[in-house]
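Asker: test case, fold it:
(chains A and B)
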Amino acid sequence: MSQTNRIAKGLIDTSRTVDFTFNGRAMQGHAGDTLASALLANGQLLVGRSFKYHRPRGIFTAGSEEPNALVHLRDGARQEPNTRATVAELYDGLTATSQNHRGSLEHDLMAVTDLMSPFLSAGFYYKTFMWPRAFWEKLYEPAIRASAGLGRLSMEDDPDTYDKGYLHCDLLVIGAGPAGLSAALAGGRSGARVILADEDFRMGGRLNAETLAVDDMPGSAWTEAALAELRAMPNVRLMTRTTIYGAYDHGVYGALERVTDHLPDPGVKPRQVLWRIYSRRAVLAAGATERPIAFGNNDRPGIMLAGAVRTYVNRYGVTPGQTMAVFTNNDDGWRTAADLAAKGVDVRAIVDTRDRAAVCDVPGARHIRGAAVMDTVGRKALKSITLTDGQVIPCDALAVSGGWNPTVHLTCHQRGKPEWNEAIDAFVPGAHLPAGMVVAGAANGQLTLAAALDEGRKAANAQLKDLGFTPSRKPGPKAEDEPREGAPVWYVPESRKRAWLDLQNDVTVKDIKQAHRENFRSVEHMKRYTTLGMATDQGKTSNIPALAIMAKCTGKSIPETGTTIFRPPYTPVPIGALAGRARGRDFRPYRLTPSHEWAKANGATFVEVGNWLRAQWFVRPGEKGWRDSVDREALQTRQTVGICDVTTLGKIEIQGRDAAAFLNKVYANGFAKLPVGRIRYGIMLREDGICYDDGTTARMGENHFVMTTTTANAVLVFRRMEFARQCLWPDMDVHLISTTDGWAQFAVAGPKSRDLLRKVVDKEHDISNDAFPFMACGEVTVCGGTPARLFRISFSGELAFEVAVPARYGNDMMRVLMEAGREFDAVPYGTEALGVMRIEKGHAAGNELDGRTTAHNLGLGRMVSAAKDCIGKTLSQRPELQRDDAVKLVGFRPVDRSRNLIAGSHFISQGRDAVMANDEGWMSSVAWSPSLGHSIGLGFIRSGDARMGEVVRAVSPVHDTEMQVEITSPHFIDPQGERLRA
Amino acid sequence: MLINHPLLGPRDAAEFTYLGDACLIERPDPDAKDAAERFLEYGYLRDNVAGEMRELWYHEQGDRSWLVVTRDTLTHEITRVEIARDVARERGRST
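Answerer: Take a look at the predicted model:
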């Protein structure tokens, strides 16, 4: 197909021809075209089917407000649905396909829904799919889902990258039309750091779409000169293809830059960048959006907004039709007719709703005064229009102008409400703007050129003065104001056929009237009942006409009727851009332990623990499942020695003259009397008396302690300790620093642990039981002088140590420990064996410290010191938390030793029903104990410590099972603690 | 949002962790006769302010200062930012 509708050069580069396909048909356009302008040039007016009724639809606008011309762009993994053809930049090899039809675009099998339209009016879902109830899941929902939606996803991974970035400026100028360019020039000339952003790939806004002159040059030429001046300024950043989509607090704006959307393949560059722009001040120069007039069958391909027609004619050198007509209620529509005629297009008629003289001379066009279009003919392409006086005018395209609405969206993102301006019959920005924002030009209701240029400059200068810059004295650009009188007409009441308002969601004037009849009269109700404005275009062309019709129905004025709330984003932002690089494995940062490389090379399976990847177990040849590995690791550790990387536990250095006194405040038990060189186990309470963390703290010196926290709470404990230090006891001499990442720490556990460490710790350090007993700590050296810390603590219940070395030696330390342990058959063990051994020993962990349990519940009630205050002490003493029949942490084992306990089971006394009222507690942790040869568990049960030996029911409604379990001591292994003191 | 840190200048709110009402600085005297009731109020009762509120923010991804930020909860306007330790001292917590 040739470019039959290409009539002039416009601002495109006709020397560069671009090949593309639409629905598989090869077409040609030029560099500088959009997909929409190229389709029009090729005479392709039908581009899609509508959402609900599958009506044939064409291109309605020339910008981001497009409700109709949504297509699939690209194919394969890069297929992108619901792309507006009006903003898709043409590139060589572009493939586009139309959406929302079964069969071909020309013969859509679903078009039958249009015949059913009497049954599909507003609210039909709510009314139709009420009964019978059983039909909903089986019939209605599958049927609706199959026919709903527009485009289809590729269902493949997006192959492109998306980035995020941060920018700072003194002045952000949003929109590079006349007002924006004028503002940016003022900003740049004053020396301020300026960002000028525009969603288009070519800056200039309406200056590129009109034939108006600035400084005695064509508007597009003046734009080029202005951009050349701005480009030469090092303090100005020009951002094309960048939509400012949201105005946030304190001058922060969200922006989406489409970096390589216009290229066949992004190469190494990101597809899009999501910017966060920090501005001290902003000038919103977002322009205005033309609105349609609703009349019968006003949705046919070839019917287009009048301003859009001018854009196609002047910027792209394309006419939508060979024989045109214009329907307007204002002077602006006349310029469309004039521009078409000037390019030699046959303009048959100008239909003006006003009974007044011609605004300008349009050769060959009939001027029809005081009339309106009430119907049209032509299913897949417009053939003729029918006027209210009965005249039929043949034409293949119609330009419609209902006046212009300032684009106020961003002024409302901080809950600002727009105000009605009688002079232009449109909403303009209200008084409450986002902090630091001023509005200029058409967005502020200055709909003519000279006024927009002037206001842009003045608005920027006022902002610059506030910021301390000296505005340039250079005079602003000169232009003339064009005629812009108009009389509001929202729809043509004589129309007997459906008159469309929201083209994307297929909402008609009748739907609005019906919503009113059915008492959905507030704009918010009207919107949701009819779905008007709820499609991806958010009603940019339809909201105001719909409001006007609702106002007429209710007898109220438009400002009394009010608007719905505009929220970010202004235009759709792809999920990929919001995600940026946080996809898949990089969804969130992860941390590796110091011995990660060693573990990876030695068969480790890793598990996520908070942000950490920890070795869960180490597989040896011949092991058939994880239990084989875990059982072996636990048994071998108890028999000789095992080694585990425990770096992930939080480590906090506490120093200062008041360090001991401070610990007394944050721990429930006392630390002031802990001797230097000794370690103590401590529990921490929240201020409400609930236990939230535990760990050990070593006194390395008189005023120096080293605390460990659980892995999960490392950040939280540190935060709360800083709060206590700064806000509760601000004059204590105490300083904190997190050294979790600074030290690699390894548990060396088992009867041979001392023998192993003697080979690693330098000889001058005596680590015999007498010199270095249970709960001793000290600074040592290892491997011939490497500084290290040694702690004699045990989580496994065995004779055990933890040795810490600077993190950079961690991987080597693991290797050295394993080599030294070879003669003892030392094993590395992971988090599972760690868990098995701590359950065997009866130590509480995260499952027990679950935010609901007190020291009293944990059997640690006596640790809460009576002699001192601490965080949480007062409220932990509430009588209800101190009841004798409170749940207590105890051990459990199955009466039938062959059965496995289930964590989460609830305990019920014998002979009672398994209902909530009889619930006496829950199983918090279970493991299979390789040392005992059966399943064991820890759990909380009412008065547990007084019920040793009792058999109760452990019921798991989730698994639909129950079993008999016996209450035991939680210390399954070495209850007297002889091993760890050996 | 931006928080104008008294030591570091304007910083993005994303660097901070939010805690809540700055009344949390005023931890009751545990030795007072009515300590139990005072701690209950301290622990559980907060005003849900629509308007100007003094709040605790922690510069966790920064210098670890706790700050008292005076913010309008309706508009997010921030009118004052103080170092929480200074506020605590003003409230007589220096003992």
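
Asker: can you tell me which residues contact residue 4?
Answerer: If you meant another chain, say so; for now it's chain A. For A:Thr4, the contacting residues are A:41-43, by Cβ atoms under 8 Å, 6 or more residues apart in numbering or on different chains. Every C-beta, even on glycine, is put in place using the N, C-alpha and C of the backbone.

Asker: please go with chain B instead
Answerer: Contacts for B:Asn4 (Cβ under 8 Å, 6+ apart) come out as B:10-11, B:78, B:81.

Asker: got the phi and psi for it?
Answerer: Dihedral angles phi and psi of B:Asn4 (degrees, to the nearest 10) take the values phi -80, psi 90.

Asker: enumerate the beta-bridge partners assigned to it.
Answerer: Listed beta-bridge partners, B:Asn4: B:Pro10 (assigned using DSSP bridges).

Asker: and what about the most centrally placed residue in chain A, helix, strand or coil?
Answerer: Among the residues of chain A, the one closest to the centroid is A:Leu578, at 5.1 Å (Cα atoms, centre = their mean). Reducing the assignment at A:Leu578 to three states with DSSP: H, G, I helix; E, B strand; the rest coil gives helix.

Asker: what residues are up against it?
Answerer: With contacts defined as Cβ under 8 Å, 6+ apart, the neighbours of A:Leu578 are A:Leu274.

Asker: how much space between the residue located most distally from the centre of chain B and chain A?
Answerer: Among the C-alpha atoms of chain B, the one most distant from their mean position (Cα atoms, centre = their mean) is that of B:Lys33, at 26.4 Å. When Cβ to the nearest Cβ, to the nearest Å is applied, the distance between B:Lys33 and chain A equals 12 Å.

Asker: that residue sits in which helix or strand?
Answerer: When elements are assigned from DSSP states H and E, B:Lys33 belongs to no helix and no strand.

Asker: kindly report the same for A:Val607.
Answerer: Under the criterion DSSP H and E, the helix or strand holding A:Val607 is strand A:604-609.

Asker: and the pLDDT at the residue in the stretch 1-150 of chain A that chain B sits nearest to?
Answerer: Using Cβ to the nearest Cβ, the closest approach of the stretch 1-150 of chain A to chain B is made by A:Ser64 at 27.9 Å. At A:Ser64, the pLDDT value in this model is 97.

Asker: from what I see, it and A:Pro569 are in contact.
Answerer: No - contact status for A:Ser64 versus A:Pro569: not in contact, 11.0 Å apart, counting by Cβ atoms under 8 Å.

Asker: overlap of the contact sets of those two?
Answerer: If you check A:Ser64 and A:Pro569 against Cβ under 8 Å, 6+ apart, the residues they both contact are A:Thr243.

Asker: please name the nearest non-neighbouring residue to A:Arg758.
Answerer: Spatially, and ignoring its direct neighbours in sequence, A:Arg758 is nearest to A:Ile767 (6.6 Å; Cβ to Cβ, 6 or more residues apart in numbering or on different chains).

Asker: contacting residues around that neighbour?
Answerer: With contact set as Cβ under 8 Å, 6+ apart, A:Ile767 has these partners: A:754, A:757-758, A:761, A:780, A:790, A:801.

Asker: return the subset of these lying in strands.
Answerer: Mapping the contacts of A:Ile767 onto strands (DSSP state E) picks out A:780, A:790, A:801.

Asker: let's have these in a markdown table, adding distance to chain B and pLDDT.
Answerer: Putting the ones in strands among the contacts of A:Ile767 into a markdown table (distance: Cβ to the nearest Cβ, whole Å; pLDDT from 0 to 100) gives the following:
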| residue | distance to chain B | pLDDT |
| --- | --- | --- |
| A:Val780 | 31 | 98 |
| A:Leu790 | 29 | 98 |
| A:Phe801 | 32 | 98 |
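
Asker: strands of the stretch 801-950 of chain A, residue ranges please.
Answerer: For the stretch 801-950 of chain A, applying DSSP state E, counting those that start in this stretch gives strands covering A:827-828, A:887-894, A:906-908, A:921-929, A:934-942.

Asker: now do the residue positioned nearest the centre of chain B, the pLDDT please.
Answerer: The residue at the geometric middle of chain B, judged as the C-alpha nearest the mean C-alpha position with Cα atoms, centre = their mean, is B:Leu56 (2.5 Å). Here the pLDDT value assigned to B:Leu56 is 98.

Asker: please apply the same query to A:Ser154.
Answerer: A:Ser154 carries a pLDDT score of 88 in this model.

Asker: that one: what secondary structure?
Answerer: Classified using three-state DSSP, A:Ser154 is coil.

Asker: equivalent analysis for A:Arg348, please.
Answerer: Three-state assignment for A:Arg348 (three-state DSSP): strand.

Asker: report the contact partners of it.
Answerer: Contact criterion Cβ under 8 Å, 6+ apart gives A:323-325, A:365-366, A:393-395 as the residues in contact with A:Arg348.

Asker: now with 10 Å?
Answerer: For A:Arg348, the contacting residues are A:321, A:323-326, A:337, A:364-366, A:384-385, A:393-396, A:398, taking Cβ atoms under 10 Å, 6 or more residues apart in numbering or on different chains as the criterion.

Asker: helices - which of these land there?
Answerer: Secondary structure defined by DSSP state H assigns A:Ala337 of these to helices.

Asker: pLDDT check: weakest of the contacts of A:Arg348?
Answerer: Within the contacts of A:Arg348, pLDDT is lowest for A:Gly364, at 92.

Asker: which helix or strand contains residue 54?
Answerer: Since you didn't name a chain, this refers to chain A. Secondary structure here is read from DSSP H and E; on that basis A:His54 sits in neither a helix nor a strand.

Asker: wrong chain, I was asking about chain B
Answerer: B:Arg54 is located in strand B:52-58, with elements delineated by DSSP H and E.

Asker: which element is the residue lying closest to A:Leu185 once chain neighbours are set aside on?
Answerer: Nearest-residue entry for A:Leu185: A:Ala226, 5.9 Å, with adjacent residues in sequence omitted and distances by Cβ to Cβ, 6+ apart. When elements are assigned from DSSP H and E, A:Ala226 belongs to helix A:219-231.

Asker: hang on, the earlier thing: helices and strands around the helix or strand just after the strand holding B:Arg54, which ones?
Answerer: Of the helices and strands lying after strand B:52-58 in sequence (DSSP H and E), the nearest is strand B:66-72. On a contact count with 3 or more Cβ pairs under 10 Å, 6 or more residues apart in numbering or on different chains; DSSP states H and E, strand B:66-72 meets helix A:714-723, strand B:2-5, strand B:17-21, strand B:52-58, strand B:78-83, helix B:84-90.
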